[in-house]
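K.L.:
next one to model:
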Amino acid sequence: MSGLQQLFYLHGVGYDYVKYTGEHVIFDQNTRSQALQACGIDTNDEQIIAELNYQLDVVQWQSVVPEVSLVDAQCSTLSIKVPAHNRVTHGVISVRTINYEHNFDTAHLKVTGEYYYDNIAYLELEVPLPPMPIGYHDAVISLPWGQYNTQIWSTPSQCFNPIEKKQLGISVQLYTLKSERNLGIGDFLDLEALIIACAKSGCDFVLLNPLHLLFPDEPDRASPYSPNHRGLINPLYISLDNCRWAHDSDEYNAQLEAASKLLETQKQEQYINYSLISDVKHSVLRGLYKGFKSHAPENLKTQFICYQSEQSTLLTGLKGEGFAVFCQWLASRQLQRCQEVAKRSGMSVGLINDLAVGCAEDGIEYTANSQLYAGNANVGAPPDPWAEGGQNWGLPALDPVKIKHNRFSFFKTLVRSNLNYVGGLRIDHVMALRRLWWCLQVEQEQSGCYVYYPFEHLMAILKIESNIAQSMIIGEDLGVVPPEVVTSMKEASLFGNILFYFEKDHHGNFVPRDYLREDTILMVANHDVPPFKGWWYGDDLQLKYTYNLITERELGTEQQKRSVERQRLLTWLSEHGKNGLTQSSESDVIYQALLIVLASSPSKLLCLQLDDLDFQSLPVNIPGTDKEYPNWRRRLTHSIDDIFSEHAHFIKNLTDIRTGHE
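P.N.:
Predicted coordinates for the structure are as follows:
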């Protein structure tokens, strides 16, 4: 193997993949070299290549222990590496967090690996350990020739899994919620109302869109999947009339009333005016902050100070001095209250948060961690039936070697912050734990290849943090999923994600209900596909034509395809006992029949989209568009009370079916 080929392998640059068509694609050398160059590596310098190969390969055997040692929480053994000529010696391992110290004789340790370099043999040996609490433990290994430090990650075999019975829940884009009291955008008090309504109907969870911090100075950048910072919360979700210390302030109440009147007309419109709402809400928030500094109880001020200290790393880079930090503290308090309401209301899971696959390149998350990213590389997706040219999501690519910096502190913090105050976390594009498609510029043309990440370590963090937070993990595994990811998800009790629209056999027919996966969250639709009403009537196709996303000829072709799809759904429903339905049947009749069948599927989690219960035909997002369609702005038509009054019997029927088919 040449030096460059070895470096491709050690740095995670892929060699090939299988395209959706079944074609075996081998990445060309220039593309792979460009991936390394994006990581700051001169691929024309043989000396640099040789040194990197040495560091990434040989040094791993010359070091007694790595910076991080993965250890099974129940069957604990620690791997150490020693030269074969030091095979017979004594050592001591100390782990202060559990007051553990153990003397060992290397002559009696099991050999689990062997490596040769420069006429020296190195042995990997297993040192037995006691069962250790789940978490991260600093350890010191003392040998006659020196002391060595490692962080032991005591890792459970599975993520936390509270699901003992089949459950029903609701998915919602929080900003779409409509109410008399909010300021034009759904907020955490609206979420409380939704939680209570869901719990009364027998639901066990509410799946949210990403709540990530966006861009206060550029409010029209509304995509929750291209955020400013994934560890922070969008202050627009703060309920300004849910701050008890401010209730006695005449000045604040007058400001709040004025804001409500100013936004009264905008609240009735179909789409959110982020510029207007952001200006108004941030103005009121500043008034709230001013009052907090002057009049808040001392215990709240103490809590705020403690929050700043505990979250100092996460809050790095926030602008606006204390005000921006105050907004984060307030948002986290209100989110925490929502989860408390969910648990008090009897939900077994409560809120399920959503973690986007990446951040914007000009955001504070990227700026604070820029040393971990490759340059001139974005992440996206390879060609597929929906995008023959592939997709470039415009998100910067993490360097698979640099992400290990400081014992993966970046990923630990990211996961931990998104598990705060929720019962579950959905990870968008979970395949990114294993590999990501890098979009690269090669000789003035777009190219791309897969780059692989330290999957075992990233999975270990998920397992550890999930168990510490007592929150379940769901991986959005739509699309081409590497076999090793499928296997690991199953072994780790990491739930998958099914969209009914895409569950088809090789003939294009919808798969039988009983063939649907068990350990998964099953949905008819999500934010990237049209609501059911829009799909049934083909409104999404007409919308694409209106926005010049398809031609008139393409519209006709797509409408014919949709007619075939509708008939396939009718056939599927008939095969499951729902007869007498036709293509002229109303969408709500078809939708309810579909959900009644799906309610008795093996899938542990069944999720209704609030958009569908609101009879929405307009999508919240059309993938592949930016300015053409008002993505992430469309409001619901009805209030939470009206939606649940309309569907109370239907939802109760679904929960009864779910519990009756254990």
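K.L.:
low-confidence stretches in the stretch 301-450 of the chain?
P.N.:
385-386 (pLDDT under 70).
K.L.:
let me see the ranges of the helices in it.
P.N.:
322-344, 364-368, 405-419 (DSSP state H, counting those that start in this stretch).
K.L.:
compare these and give me the one nearest Leu436.
P.N.:
helix 405-419 (13.5 Å; CB to CB). Heads up, the C-betas are built off the backbone N, CA and C, glycines and all.
K.L.:
thought Pro396 was touching Gly380?
P.N.:
No. With contact defined as CB atoms under 8 Å, Pro396 does not reach Gly380; the gap is 11.5 Å.
K.L.:
more neighbours: those two, which one.
P.N.:
Taking neighbours as other CB atoms under 10 Å, Pro396 and Gly380 compare with Pro396 leading, 24 against 20.
K.L.:
bridge partners for that one, pull those for me.
P.N.:
Asn378 (DSSP bridges).
K.L.:
what sits against Glu251?
P.N.:
287, 291 (CB atoms under 8 Å, 6 or more residues apart in numbering).
K.L.:
confirm it sits in a strand?
P.N.:
No. According to DSSP: H, G, I helix; E, B strand; the rest coil, Glu251 belongs to no strand; its state is helix.
K.L.:
give me the pLDDT value at it.
P.N.:
Glu251 carries a pLDDT score of 90 in this model.
K.L.:
ditto for the one 5 residues further on
P.N.:
Predicted confidence (pLDDT) at Leu256: the value is 94.
K.L.:
now do Met1
P.N.:
Reading off the model, Met1 has pLDDT 63.
K.L.:
give me the neighbour count for Gly660.
P.N.:
If you count neighbours by other CB under 10 Å, Gly660 ends up with 10.
K.L.:
of all the helices of the stretch 301-450 of the chain, which lies closest to Asp279?
P.N.:
When these are compared (using CB to CB), the closest one is helix 322-344, at 14.8 Å.
K.L.:
mind listing what's buried in the closest one?
P.N.:
323-335, 337-339, 341-342 (16 or more other CB atoms under 10 Å).
K.L.:
residues in contact with it?
P.N.:
So helix 322-344 is contacted by 188-189, 191-192, 195-196, 199, 206, 211, 213, 232-235, 237-239, 242-243, 285-286, 288-289, 292-293, 303-304, 307-308, 311, 315, 318, 349-351, 420-423 (CB under 8 Å, 6+ apart).
K.L.:
next one: stretch 503-522
P.N.:
207, 426, 474, 490, 493, 495-498, 500, 568-569, 571-572, 575-576, 597-598, 600-607.
K.L.:
in ChimeraX, how would I select just the buried ones from those residues?
P.N.:
Buried members of the contacts of stretch 503-522 can be picked out in ChimeraX with the line below, counting by 16+ other CB under 10 Å:
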select :207,426,474,493,495,496,497,498,500,569,572,576,597,598,600,601,603,604,605,606,607
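K.L.:
which of the contacts of stretch 503-522 fall in helices?
P.N.:
Counted as lying in helices by DSSP state H, out of the contacts of stretch 503-522, are 490, 568-569, 571-572, 575, 597-598.
K.L.:
now render the residues you listed as CSV, adding pLDDT.
P.N.:
Formatted as CSV, the ones in helices among the contacts of stretch 503-522 follow (pLDDT from 0 to 100):
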residue, pLDDT
Lys490, 95
Arg568, 98
Leu569, 98
Thr571, 98
Trp572, 98
Glu575, 97
Val597, 98
Leu598, 98
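K.L.:
JSON lines for these, including distance to Ser154?
P.N.:
Shown next, in JSON lines, are these (distance: CB to CB, whole Å):
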{"residue": "Lys490", "distance to Ser154": "22"}
{"residue": "Arg568", "distance to Ser154": "49"}
{"residue": "Leu569", "distance to Ser154": "48"}
{"residue": "Thr571", "distance to Ser154": "52"}
{"residue": "Trp572", "distance to Ser154": "47"}
{"residue": "Glu575", "distance to Ser154": "49"}
{"residue": "Val597", "distance to Ser154": "44"}
{"residue": "Leu598", "distance to Ser154": "39"}
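K.L.:
which pair in these has the greatest spatial separation?
P.N.:
Lys490 and Thr571 (30.7 Å).
K.L.:
who's in contact with Phe8?
P.N.:
So Phe8 contacts 15, 32, 36 (CB under 8 Å, 6+ apart).
K.L.:
wait, which of those is closest to Ala525?
P.N.:
Nearest member of those to Ala525, counting by CB to CB, is Tyr15, at 36.1 Å.
K.L.:
pLDDT below threshold where in the protein?
P.N.:
For the chain, the ranges with pLDDT under 70 are 1, 385-386, 661-662.
K.L.:
related to what we said a few turns ago, closest one to Val481 among the helices of the stretch 301-450 of the chain?
P.N.:
helix 405-419 (20.2 Å).
K.L.:
check the separation of the first and last residues in stretch 418-427.
P.N.:
Its first and final residues considered, stretch 418-427 spans 10 Å by CA to CA, to the nearest Å.
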